[in-house]
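Chemist: could you work out the structure for the sequence below:
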Amino acid sequence: MPIATLQFNLPDEQNEYNLVCNASKMSLVLWHILEEILIKKIRYSEGLSEEHVKILEDMRDEILENMKDNGLSEDVFY
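Modeler: Coordinates of the predicted model:
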């Protein structure tokens, strides 16, 4: 089984180390924004104006497009 090891020059690379250590938490936050906030509000948009739904769709599309531009797909969450 392949093993990957990351090494950081601390304290010089503390910010990079923190990013790596918190990447899974950031992924959960992004998933929550996409799924729980945007997608569910769009899907169950009763009572929302068309303009409000359009704003939510634009936000969702912008996040997904940004992920794609950075080499990430939605299956990064699963």
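Chemist: what separates the most centrally placed residue in the chain from residue 53, distance-wise?
Modeler: Compute the mean C-alpha point of the chain, and by C-alpha atoms, centre = their mean the closest residue is residue 30, 3.0 Å away. Applying C-beta to C-beta, to the nearest Å, the value for residue 30 to residue 53 is 21 Å. All C-beta spots, glycine's among them, are computed from the backbone N, C-alpha and C.
Chemist: what of residue 74?
Modeler: 20 Å.
Chemist: may I ask which helix or strand of this structure has the lowest mean pLDDT?
Modeler: helix 40-43 (a mean of 88; mean pLDDT, DSSP states H and E).
Chemist: list the buried residues in that helix.
Modeler: 41, 42 (16 or more other C-beta atoms under 10 Å).
Chemist: begin at 20 from here
Modeler: With the count now opening at 20, the last piece we talked about shows up as helix 59-62.
Chemist: in stretch 21-39, what counts as buried?
Modeler: Applying 16+ other C-beta under 10 Å to stretch 21-39 flags residue 36 as buried.
Chemist: CA atoms of it as CSV?
Modeler: This file holds the C-alpha atoms of stretch 21-39, laid out as CSV (Å, rounded to 0.1, in the frame of the first residue of the first chain):
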residue,chain,number,x,y,z
PRO,A,21,1.4,3.4,-1.0
ILE,A,22,2.2,5.9,1.8
ALA,A,23,2.5,9.6,1.5
THR,A,24,4.3,11.8,4.0
LEU,A,25,4.1,15.5,4.1
GLN,A,26,6.9,17.5,5.8
PHE,A,27,6.8,21.1,6.9
ASN,A,28,9.6,23.4,8.0
LEU,A,29,8.0,24.8,11.2
PRO,A,30,7.5,27.5,12.2
ASP,A,31,8.3,28.9,8.7
GLU,A,32,5.6,26.9,7.0
GLN,A,33,3.1,27.0,9.8
ASN,A,34,0.4,28.5,7.5
GLU,A,35,0.8,25.7,5.0
TYR,A,36,0.7,23.1,7.8
ASN,A,37,-2.5,24.6,9.1
LEU,A,38,-4.1,24.5,5.7
VAL,A,39,-3.3,20.8,5.3
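Chemist: great, nothing more from me.
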